[in-house]
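S.K.: Sharing a sequence plus its predicted fold:
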Protein chains: 2
Amino acid sequence: MVTSRDVAALAGVSQSTVSYVMSGSRSISRKTRARVEEAMRQLGYQPNASARALAGRRTHVLGLVVHVSARTELAGVLPFIETITAAAREREYDIVLVTADEGRAGLERLARRGIVDAFIVMDVTREDERIDTLTTLALPTVLIGRPDDSRGLHCVDVDGWRAGELAVEELIAAGTGKVIVIGEPADVPDDRYRFIADFEAGACHQAEHADVSAEVVHPPEPGWPGILATRDLLLSAHERTGILARTPIAAERVVQLLLEAGIAPAHDVPVVAMCEDDVAQELRIPVTNVSADSRQVARRAVDALFVQLRGGTDLPGLQLVAPTLTRRATTMTSQDRGRAGLDATEASRHT
Amino acid sequence: MVTSRDVAALAGVSQSTVSYVMSGSRSISRKTRARVEEAMRQLGYQPNASARALAGRRTHVLGLVVHVSARTELAGVLPFIETITAAAREREYDIVLVTADEGRAGLERLARRGIVDAFIVMDVTREDERIDTLTTLALPTVLIGRPDDSRGLHCVDVDGWRAGELAVEELIAAGTGKVIVIGEPADVPDDRYRFIADFEAGACHQAEHADVSAEVVHPPEPGWPGILATRDLLLSAHERTGILARTPIAAERVVQLLLEAGIAPAHDVPVVAMCEDDVAQELRIPVTNVSADSRQVARRAVDALFVQLRGGTDLPGLQLVAPTLTRRATTMTSQDRGRAGLDATEASRHT
DNA sequence: TTGAAAGCGCTAACAA
DNA sequence: TTGTTAGCGCTTTCAA
């Protein structure tokens, strides 16, 4: 193993000088710096992380707490993980994964053993017991999600209320006279996550505002059978039903049901989904979607974390990311489609 | 911060005794051990990871290299990550995530800086440039996947050939006279991963063996448009077509196309997919699937890694996990379904 | 602008 | 069975 002593010896300087060249926390003459850097290059030197952490009291590691086992929205966490990892690496930080089922003990272990400098916690519920642990650990922390009481911890989340509003606005513009929101399966509480509660509330509020009826449907069971059980409700096109799906999976299933029944999303029944743009674009029919851009959420979370790591204290406490709506086939009229230069065949083929 | 010195002081022993109590590498009297453990408990002591790593030359961290950004099969990696993390934690190891696009440099950094003790590398291609780096780094390593030349690195993979065989066997038993394998989109080389190449070869071999024609179809583009372009081929039921999808996404799309066209998977066109059991069960119609059980693959990989970490050298070099087939609706006759006590309505409704 | 030296909190060899 | 001590490879203070 190559150590800073080896580098120092080769460069003919003291070991501490090598350290100062790396940290930049002391001015070094051009000549010395050049010699040291050349020696590092020659030896392929890489500073030992444990020694550095021990002496410097910084591990350069972030703890990322994720619900990998939750079946719901399985793929949704990957863009987060990807973006967080990349953003951390840009700042010379590595990521240690913690699964949520390690719970509070996992957080304590990572913090107390000095494995991580900071935490990013995803899938935060409204009454998350980890908040307590995190506040006493007193490490820089960012929550993705929004607890009812964040106890001063910084939160980044998508504005669920606005997302619901946007979606319903679009449904109504597409001619909806009755909004059906596909909610959680009946056995799952839908106020566990603030985002979901806000989303449904925002949607209903916007419907009410436009004097349109709205209903949150809770499938009696999870998965396909659950959606199938709501089939009759969804197919009641004569009521000018418009459907709002909170997940891409729900959207996919709804679209599929409509197509099988010979109903064209858009023409007969408008559909809006809450999901990422790329996913919306890749469904059977491109679905008009409200997108949260998880990459942006992730980037903001990492940014906020590094503000804290640098001792910053002037954080807003809550950053709500505004969702955006992208109109696609499922809320377009045929004129729209012509105007957009799109091929109407796909959707109309099934009417 | 609570250190082992604090514990030692409270317990009235030397600091090294505390260390020996933790490692168990020296016999300690019952009395002393009890006193030390009580002191640890009282102080909530957790050993500092950096100090431990520096002194003990073991970081207790594994590097997990994953392709998080690859759009294909996005959700597929999560069970791996979950299982690997859990298995590592059982052995007191943490996981540092490395994204594959850090490439060889990422591996070198982690190894040379002493951040990790070992590597698990996923998504290994047949000609993976990282193999070179890994062999020179000489850390314990397990590859998930199968390069053409593993250079002595231990590999764990699913037996793709067997998977292809099993699937086609089932299709033929279900009355298939012509096997269509949904292959990679035309712009993606399908011999990049050994598993894919073997899967297609195994499938074709098995078809040939039964004197049935087989064809690997490469959709002209990725995503839905690609599948749509193969529609006519897939719907040629009069040729007693049987469809083999290598991914759950392809399976989902095929099933959907068939249903929209009023063709019942199973009754008219049998479908077999390569995917996890839970996913197969949750598609529009439960699809007969060949399953690799990624959890088992992951567990074997971690096991093999710890054999190496303990200095073991008698590893086989390659562990091929045998896939299993589960018959579901898409290859059942109506009799089967009756026998299995299942409801035939779903599938037959669309015939 | 640089060097010497004292830790950081552990592990493990050596000594008793 | 236990204690003493010399590092592990850095960061950072103190001194020049």
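M.R.: All right, it came through fine.
S.K.: Only C-alpha atoms from now on, for both contacts and neighbour counts.
M.R.: Will do.
S.K.: Just list whatever residues bridge to the closest residue in space to A:Val255 that isn't next to it in sequence.
M.R.: Nearest non-adjacent residue to A:Val255, counting by CA to CA, 6 or more residues apart in numbering or on different chains: A:Pro265, 6.6 Å away. For A:Pro265, the beta-bridge partners under DSSP bridges are A:Val269.
S.K.: in the stretch 1-150 of chain A, which spans are helices?
M.R.: A:4-11, A:15-23, A:30-43, A:49-56, A:77-90, A:103-112, A:130-137 (DSSP state H, counting those that start in this stretch).
S.K.: so what's the residue of the stretch 251-351 of chain A found nearest DNA strand D scoring on pLDDT?
M.R.: Nearest residue of the stretch 251-351 of chain A to DNA strand D (CA to the nearest atom of the strand) works out as A:Arg310 at 12.8 Å. Predicted confidence (pLDDT) for A:Arg310: 94.
S.K.: A:Ala304 versus that one, what's the distance?
M.R.: 10 Å (CA to CA, to the nearest Å).
S.K.: again with A:Ala51
M.R.: Distance of A:Ala51 to A:Ala304, computed by CA to CA: 27 Å.
S.K.: More neighbours: which of these two?
M.R.: A:Ala304 (22 against 18; other CA atoms under 10 Å in any protein chain shown).
S.K.: quick one: the more buried one and A:Leu315 touch, right?
M.R.: Yes: contact status for A:Ala304 versus A:Leu315: in contact at 7.4 Å, counting by CA atoms under 8 Å.
S.K.: Just the CA trace of stretch A:86-100, in PDB.
M.R.: What follows is stretch A:86-100, C-alpha atoms only, in PDB (Å, rounded to 0.1, in the frame of the first residue of the first chain):
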ATOM      1  CA  ALA A  86     -24.100  10.700  -8.600                       C
ATOM      2  CA  ALA A  87     -24.600  14.000  -6.800                       C
ATOM      3  CA  ALA A  88     -22.700  12.700  -3.800                       C
ATOM      4  CA  ARG A  89     -19.800  11.400  -5.900                       C
ATOM      5  CA  GLU A  90     -19.500  14.900  -7.400                       C
ATOM      6  CA  ARG A  91     -18.700  16.100  -3.900                       C
ATOM      7  CA  GLU A  92     -16.400  13.200  -3.200                       C
ATOM      8  CA  TYR A  93     -18.900  11.400  -1.100                       C
ATOM      9  CA  ASP A  94     -19.800   7.700  -1.100                       C
ATOM     10  CA  ILE A  95     -23.200   6.200  -0.300                       C
ATOM     11  CA  VAL A  96     -23.900   3.500   2.300                       C
ATOM     12  CA  LEU A  97     -27.200   1.800   1.800                       C
ATOM     13  CA  VAL A  98     -29.400   1.200   4.700                       C
ATOM     14  CA  THR A  99     -32.700  -0.600   4.300                       C
ATOM     15  CA  ALA A 100     -35.600   0.900   6.000                       C
END
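S.K.: Would you tell me whether it gets close to DNA strand D?
M.R.: No: counting by CA under 7 Å from any atom of the strand, DNA strand D has no neighbours in stretch A:86-100; the shortest distance is 12.5 Å.
S.K.: follow-up on the earlier one: just send the helices of the stretch 1-150 of chain A back as a markdown table, with distance to B:Ser14 too.
M.R.: Formatted as a markdown table, the helices of the stretch 1-150 of chain A follow (distance: least, CA to CA, whole Å):
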| stretch | distance to B:Ser14 |
| --- | --- |
| helix A:4-11 | 31 |
| helix A:15-23 | 32 |
| helix A:30-43 | 40 |
| helix A:49-56 | 22 |
| helix A:77-90 | 40 |
| helix A:103-112 | 22 |
| helix A:130-137 | 29 |
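S.K.: In TSV: those helices, plus mean pLDDT and distance to A:Pro219.
M.R.: Converted to TSV, the helices of the stretch 1-150 of chain A look like this (pLDDT from 0 to 100; distance: least, CA to CA, whole Å):
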stretch	mean pLDDT	distance to A:Pro219
helix A:4-11	98	63
helix A:15-23	98	58
helix A:30-43	98	62
helix A:49-56	98	51
helix A:77-90	95	24
helix A:103-112	97	29
helix A:130-137	98	30
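S.K.: residues near the closest residue to DNA strand C within the stretch 51-200 of chain A, how many?
M.R.: Closest to DNA strand C within the stretch 51-200 of chain A is A:Ala55: 3.2 Å, counting by CA to the nearest atom of the strand. When counting by other CA under 10 Å, one arrives at 12 neighbours for A:Ala55.
S.K.: Please tell me how far it sits from DNA strand D.
M.R.: From A:Ala55 across to DNA strand D, the span is 4 Å (CA to the nearest atom of the strand, to the nearest Å).
S.K.: Likewise for A:Val116?
M.R.: For A:Val116, the distance to DNA strand D - CA to the nearest atom of the strand - is 16 Å.
S.K.: circling back to that earlier point, which residues touch the residue nearest to A:Val255?
M.R.: A:Val255, A:Leu258, A:Leu259, A:Val271, A:Ala329, A:Thr330, A:Thr331, A:Ala347 (CA atoms under 8 Å, 6 or more residues apart in numbering or on different chains).
S.K.: Please indicate which of these has the highest neighbour count?
M.R.: The member of these surrounded by the most neighbours (other CA under 10 Å) is A:Val271, with 33 neighbours in all.
S.K.: wait, that residue sits on A:Val290?
M.R.: No: the criterion here is CA under 8 Å, and A:Val271 misses it with A:Val290 at 11.1 Å.
S.K.: List of residues touching stretch A:183-197?
M.R.: A:124-127, A:145-148, A:157-161, A:200, A:216-222, A:226, A:245-246.
S.K.: Quick one: end-to-end distance for that stretch.
M.R.: From its first residue to its last, stretch A:183-197 covers 10 Å (CA to CA).
S.K.: what's the closest non-adjacent residue to A:Thr85?
M.R.: A:Ile95 (6.3 Å).
S.K.: Also A:Gln206?
M.R.: Going by CA to CA, 6+ apart, A:Gln206 has A:Glu165 as its nearest residue, at 5.2 Å.
S.K.: Show me what the helix or strand where that neighbour lies is packed up against.
M.R.: Using DSSP states H and E, A:Glu165 sits in helix A:160-173. In terms of contacts (3 or more CA pairs under 8 Å, 6 or more residues apart in numbering or on different chains; DSSP states H and E), helix A:160-173 is packed against helix A:194-209, strand A:241-245, strand A:271-274, strand A:288-291, strand A:324-326.
S.K.: And chain B, is stretch A:117-137 touching that?
M.R.: No: judged by CA under 8 Å from any CA of the partner chain, stretch A:117-137 and chain B are separated, with a smallest distance of 11.4 Å.
S.K.: As PDB, could you dump the C-alpha coordinates of that stretch?
M.R.: Taking C-alpha atoms only, stretch A:117-137 is exported to PDB below (Å, rounded to 0.1, in the frame of the first residue of the first chain):
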ATOM      1  CA  ASP A 117     -21.400  12.000   8.200                       C
ATOM      2  CA  ALA A 118     -25.000  12.600   7.300                       C
ATOM      3  CA  PHE A 119     -28.300  11.000   6.300                       C
ATOM      4  CA  ILE A 120     -30.800  11.000   3.500                       C
ATOM      5  CA  VAL A 121     -34.000   9.300   4.500                       C
ATOM      6  CA  MET A 122     -36.500   8.300   1.900                       C
ATOM      7  CA  ASP A 123     -40.200   7.200   2.200                       C
ATOM      8  CA  VAL A 124     -40.800   9.300   5.300                       C
ATOM      9  CA  THR A 125     -44.200   8.800   6.700                       C
ATOM     10  CA  ARG A 126     -46.300  11.400   8.500                       C
ATOM     11  CA  GLU A 127     -45.600   9.900  11.900                       C
ATOM     12  CA  ASP A 128     -42.200   8.500  11.300                       C
ATOM     13  CA  GLU A 129     -40.600   7.100  14.400                       C
ATOM     14  CA  ARG A 130     -37.100   7.700  12.900                       C
ATOM     15  CA  ILE A 131     -37.600  11.500  13.300                       C
ATOM     16  CA  ASP A 132     -37.000  11.100  17.000                       C
ATOM     17  CA  THR A 133     -33.800   9.100  16.500                       C
ATOM     18  CA  LEU A 134     -32.500  11.500  13.900                       C
ATOM     19  CA  THR A 135     -33.000  14.600  16.000                       C
ATOM     20  CA  THR A 136     -31.000  13.100  18.900                       C
ATOM     21  CA  LEU A 137     -28.300  11.800  16.600                       C
END
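S.K.: No further queries at this time; thank you.
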